[in-house]
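Visitor: Following is a predicted model, sequence given first.
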Amino acid sequence: MYISILPAGRQKAVSVKQKHRIPFSNPSQQGYYTNNMKVLKFGGSSVASAVNMNKVIDIVQQEAKKEPVILVVSAMGGVTDALLKAGDLSSKGDEAYKALLKELEQKHLDAVRSLLPIQQQSATLSLIKQHFNDLESVCDGVFLLRELSPRTKDRIVAYGELLSSLTIAAKLQSLNAHYQWVDSRQLITTNSHFGNAAVDFAATNSKMKCYFEEHQYQLYIAPGFIAADEAQQTTTLGRGGSDYTASIFAAALNASVLEIWTDVSGMMTADPRLVQNAKPIQHISYQEAMELSHFGAKIIYPPTIQPVMLANIPVFVKNTFEPDAYGTLIENATAVNGGSFIRGISSINNISLLSLEGGGMVGIPGFSKRLFEALANERVNVILITQSSSEHSICVGINDADATRAKQVIDLAFDFEIKTGKVDPVKVESGLAILALVGEKMKSHPGVSGKMFGALGRNGINVRAIAQGSSEKNISAVIAASDVKKAINILHEEFFETTYKQLNLFIAGAGNVGSKLLDQLKKQMSYLQQHLRLQIRVVGLANSKRVLLNEDGIDLENWKALLQDATPGNIHDLVTRIKAKNLRNSVFVDVTANAEVAGVYGSLLEKSISVVACNKIACSSAYSSYQQLKSLAREYNVAFFFETNVGAGLPVIGTLNDLLRSGDQVNRIQAVLSGTLNFVFNHYDGKKPFAQVVRQAQDEGYTEPDPRLDLGGTDVMRKIMILARESGQVIEMEDITNNGFLPASCFDGTVEDFYAEMEKQEKHFKALYDEAAAQKCKLKFVASYQDGKASVGLQHIPADSDFYHLYGKDNLVLFYTERYPEQPLVIKGAGAGAEVTASGVFADIIRVAKA
Ligand SMILES: NC(=O)C1=CN([C@@H]2O[C@H](COP(=O)(O)OP(=O)(O)OC[C@H]3O[C@@H](n4cnc5c(N)ncnc54)[C@H](O)[C@@H]3O)[C@@H](O)[C@H]2O)C=CC1
Ligand SMILES: N[C@@H](CC=O)C(=O)O
């Protein structure tokens, strides 16, 4: 019996439409029906309120003017959950179900009152009240018996779709629409597997054929999700089953199109809650849509695709709230989306990995059969399977919720083998997720998995298991749940973002060099985005007292004030936060002169976070530490760049690396490596006190934060040692001779004591100058490296020397190599200063992005 809330006389008022008789492409679906009919399904969010219902009605009425429409609706948003809760409460003897039902009743009554003119409300209000009385009686029964069978649960939950469809039908009636309300339970026949019933397509198609041949309305409205078994008991089609209902209608009637209307403009390349740059997919194949929806893209209920795919009916996913947006078209043919053969990236959370391992499995047939039988008997759904080709282990991915039961049944099934040591008890690892890259066209493109795993690896994502079917539509990887957001963003950037790559910077140090770096970043950001397709965001910034973080990028116009007001914290707090943020393409930038900061590089590299440093402490500490950092960078496939350690912004280390990589060998290095000392000796002639010239160098930003490191020669020792190490030499600070010129008394006390002492020692400095001038020489602090030995010291430089004409704060490096034996390779230019150093750090950051 079909329920109609139309006045009986109206039912025959619609003219019989011309039918296009088209055979089903699926031979199991017999019959010839019209294809000038559309099926439109609206989800819970689309019918969540009277306002939304009105939007639905507008859309449907427009469509119904063009061709007959079957409108399938879900329950009002939130109602299904509330009904399930009411059932649950009543089964537990909790009378709160009554209040919950009252609330639900009110929600529906309110919707009717908002939708209908007052004089037309009473019939529908009574109908709704009647349904709630019935529903309450069912829940009362459950309450008394303290028992909620799946069958009763289906009966309770079915009210959601019944009520929403009846409410919309009432509105259509008030508009004098030519429509018919159809009870889906009368047309869709299933087995009696309550909660997730299987459709009997032969019976369903035949009922639909009869029904739609007898009735010719321009608009039909049907509740989604619900069906009935042969005994006319209400069943349901699984959570999200309204999509499936619509698909069943569409396939049975060979509809021209199935439209799934929801609250987003189609399927997206990734979950937009996780990936800011996720884009709508305009065109996708049935297979791809199934893969994506199975792997968590909850736009469409996965079983929905099957019936329409068999009948070759296109599916459109559209947005009720943006009806003009194109949405996603799902059909057989797949066009290439903007040159990409990957359609989307999806994930499923709450995954456990069960591993059955043991030498006793090798070459013995039947192990996997027993494993899967044990899981099937326990109704544990297997989401992913991998088996090593050595047959030594089988690994399955299942829902976390099933893990304990699954372990018990598998251990029981293999009890004998475990006791006899042939296999180990099942290992369970929880807190995992499955990440899936989906695209039918990846089949014909080698290198997709290489690109996928390369990108994940470079960002320190550990892949626990991998599965790819021979259809090559999906590559799945099991990873830690805490890595999902980062991993999806990495893959999205790799496969979809031709626009730009995002680099997340964490900067320690906001002094001379740090401030200039932040200025340069601010000025250059839009250029980089436009020309290098690089979006740089400073996500973290710290000085010695405070730590500032903002995942959307710190406002660089205002960083000083923001840092001043930031949370007090130290470098270890910053490192903890960097690791917790777990952002892709993370780079730690050290623009301090601090040993504690240099001490954290290792732990960051191990987390696949690149390090860029102008701080020289790490590379000039014990050789073993320097070496370890370099190996960690290699091992974790990230960058450790420190070009500014020597010659500030000059390309000294890079050039040396290029020489060596191309097979050259360094025989000797001669260099002036201190900008400060070059500046000082270029400006000192005994007229102005030496201390004053040093002070000027410090004021102009050439010295180390502690200028004694420059004046005492330590800074130059560090630099020549770094060059020697980069040339392949194992060398320590103790191996370098320092022929310093500063009286020992200058090293006592504070930096201010140092200046005071230099003033006292003015005669000493004047004598050094006069001695050199008498020989027509200039004073230069020169670093030399040859045959594994290095030295630094003040030298008299005659006019014919390469170093003589070296002005201001310039550095000069001469590399004598196998390929440059007589005439050295020369690098010359400003070797100190905050601006040039910051630009060298900047260049290293860009190198990281390009690496
Ligand atoms: N000035 C130059 O020409 C060149 C400098 N460099 C290097 O640049 C580095 C920075 O030099 P400047 O900017 O002049 O120093 P600075 O003293 O002006 O700034 C240092 C910054 O580091 C911060 N800091 C210190 N300890 C910290 C900690 N534990 N955690 C977080 N932040 C901390 C300070 O608060 C300050 O913001 C030095 O290592 C220097 O060797 C390298 C090449 C050239
Ligand atoms: N203090 C250094 C700066 C760069 O390392 C110098 O003077 O060269």
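Guide: Great, that's in hand. These numbers come from a predicted model, not from an experiment. Ligands and ions are numbered 1, 2, ... in the order given.
Visitor: make it CA atoms for all contacts and neighbour counts henceforth
Guide: Will do.
Visitor: so what's the spatially most central residue of the chain closest to, chain neighbours aside?
Guide: In the chain, the residue lying closest to the centroid (CA atoms, centre = their mean) is residue 489, at 2.8 Å. Counting by CA to CA, 6 or more residues apart in numbering, residue 275 is the residue found nearest to residue 489 once chain neighbours are left out, at 5.8 Å.
Visitor: Show the contacting residues for that neighbour.
Guide: Neighbour list for residue 275: 485, 488, 489, 492 [criterion: CA atoms under 8 Å, 6 or more residues apart in numbering].
Visitor: quick one: what helix or strand has residue 491 in it?
Guide: Assessed by DSSP states H and E, residue 491 sits inside helix 484-495.
Visitor: Among the contacts of residue 275, which pair sits farthest apart?
Guide: The most widely separated members of these are 485 and 492, with 10.5 Å between them, by CA to CA.
Visitor: contact partners of stretch 280-298?
Guide: With CA under 8 Å, 6+ apart, stretch 280-298 has contacts from 265-271, 299-303, 305, 309, 326-335, 337, 343-348, 434-436, 438-440, 473-474.
Visitor: Restrict it to CA atoms and write it as PDB.
Guide: These are the backbone C-alpha positions of stretch 280-298, laid out as PDB (Å, rounded to 0.1, in the frame of the first residue of the first chain):
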ATOM      1  CA  PRO A 280      36.900  20.200  -6.100                       C
ATOM      2  CA  ILE A 281      37.200  17.200  -8.400                       C
ATOM      3  CA  GLN A 282      35.100  18.000 -11.500                       C
ATOM      4  CA  HIS A 283      35.200  14.600 -13.100                       C
ATOM      5  CA  ILE A 284      35.900  11.200 -11.700                       C
ATOM      6  CA  SER A 285      35.300   7.600 -12.600                       C
ATOM      7  CA  TYR A 286      33.000   5.300 -10.700                       C
ATOM      8  CA  GLN A 287      35.900   3.200  -9.700                       C
ATOM      9  CA  GLU A 288      37.800   6.200  -8.400                       C
ATOM     10  CA  ALA A 289      34.800   7.600  -6.500                       C
ATOM     11  CA  MET A 290      34.300   4.200  -4.900                       C
ATOM     12  CA  GLU A 291      38.000   4.000  -3.800                       C
ATOM     13  CA  LEU A 292      37.900   7.600  -2.500                       C
ATOM     14  CA  SER A 293      34.600   7.100  -0.600                       C
ATOM     15  CA  HIS A 294      35.800   3.800   0.800                       C
ATOM     16  CA  PHE A 295      38.900   5.500   2.100                       C
ATOM     17  CA  GLY A 296      37.100   8.100   4.100                       C
ATOM     18  CA  ALA A 297      35.900  10.800   1.700                       C
ATOM     19  CA  LYS A 298      32.400  10.600   3.200                       C
END
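Visitor: what's the spacing between that stretch and its chain's center?
Guide: 18 Å (CA atoms, centre = their mean, to the nearest Å).
Visitor: Can you tell me the SS state at residue 671?
Guide: In terms of secondary structure, residue 671 is strand; the call rests on DSSP: H, G, I helix; E, B strand; the rest coil.
Visitor: If we ignore the residues flanking it in sequence, what's nearest it?
Guide: residue 813 (4.3 Å).
Visitor: Tally up the residues packed near whichever residue of the stretch 751-851 of the chain sits closest to ligand 2, please.
Guide: Of all residues in the stretch 751-851 of the chain, the one sitting closest to ligand 2 is residue 832 (4.5 Å; CA to the nearest ligand atom). Residue 832 has 30 neighbours, counted by other CA atoms under 10 Å.
Visitor: And it, how far from residue 107?
Guide: Residue 832 sits 72 Å away from residue 107, going by CA to CA, to the nearest Å.
Visitor: Poorly predicted segments of the stretch 551-700 of the chain, please.
Guide: Low-confidence segments of the stretch 551-700 of the chain (pLDDT under 70): none present.
Visitor: Let me fix that, I meant to ask about the stretch 351-500 of the chain.
Guide: For the stretch 351-500 of the chain, the stretches flagged by pLDDT under 70 are 362-364, 388-391, 443-444, 469-472, 498-499.
Visitor: Now do the strands in it.
Guide: With DSSP state E, counting those that start in this stretch as the criterion, the stretch 351-500 of the chain has strands at 382-387, 393-399, 427-438, 465-468, 474-480.
Visitor: Return the residues of the stretch 651-800 of the chain in contact with ligand 2.
Guide: With CA under 6 Å from any ligand atom as the criterion, the stretch 651-800 of the chain meets ligand 2 at residues 673, 674, 675, 676, 702, 703, 704, 710.
Visitor: mind running it again at 8 Å?
Guide: Within the stretch 651-800 of the chain, the residues that sit near ligand 2 (CA under 8 Å from any ligand atom) are 673-678, 702-705, 707, 709-710, 715-716, 719.
Visitor: Inside strands: which ones of those?
Guide: The strands in this structure, assigned by DSSP state E, contain none of these.
Visitor: out of the residues you listed, which touch ligand 1?
Guide: Checking these against ligand 1 (CA under 8 Å from any ligand atom), the matches are 675, 702, 703, 704, 705, 715.
Visitor: count of residues packed around the first one?
Guide: For residue 675, the tally of surrounding residues (other CA under 10 Å) stands at 28.
Visitor: cool, the last one as well?
Guide: For residue 715, the tally of surrounding residues (other CA under 10 Å) stands at 24.
Visitor: pLDDT at it, what is it?
Guide: On pLDDT, residue 715 comes in at 98.
Visitor: pretty sure it contacts residue 709?
Guide: Yes. Counting by CA atoms under 8 Å, residue 715 does reach residue 709; the two are 5.4 Å apart.
Visitor: Checking my notes, residue 816 in a helix, right?
Guide: No. Counting by three-state DSSP, residue 816 is not part of a helix but strand.
Visitor: List the residues that contact it.
Guide: Neighbour list for residue 816: 666, 667, 668, 669, 822, 823, 824, 825 [criterion: CA under 8 Å, 6+ apart].
Visitor: same question, residue 653
Guide: Taking CA under 8 Å, 6+ apart, we find residue 653 in contact with 643, 646, 723, 726.
Visitor: the helices in the stretch 551-700 of the chain, which residues?
Guide: Counting by DSSP state H, counting those that start in this stretch, the stretch 551-700 of the chain has helices at residues 559-564, 571-581, 595-598, 601-605, 623-635, 652-661, 675-683, 690-699.
Visitor: Which of the residues in the longest one are classified as buried?
Guide: Of the residues in helix 623-635, those buried by neighbour count under the rule 16 or more other CA atoms under 10 Å are 623, 626, 629, 630, 632, 633.
Visitor: So the third one sits against residue 603, correct?
Guide: Read it as residue 629. No. The criterion here is CA under 8 Å, and residue 629 misses it with residue 603 at 9.6 Å.
Visitor: what is in contact with these two at once?
Guide: With CA under 8 Å, 6+ apart applied, the contact sets of residue 629 and residue 603 do not overlap.
Visitor: Can you verify residue 156 is assigned to a strand?
Guide: No. Using three-state DSSP, the assignment for residue 156 is helix, not a strand.
Visitor: and the gap between it and residue 185?
Guide: From residue 156 to residue 185 the distance is 14 Å (CA to CA).
Visitor: Fine, thanks again, bye for now.
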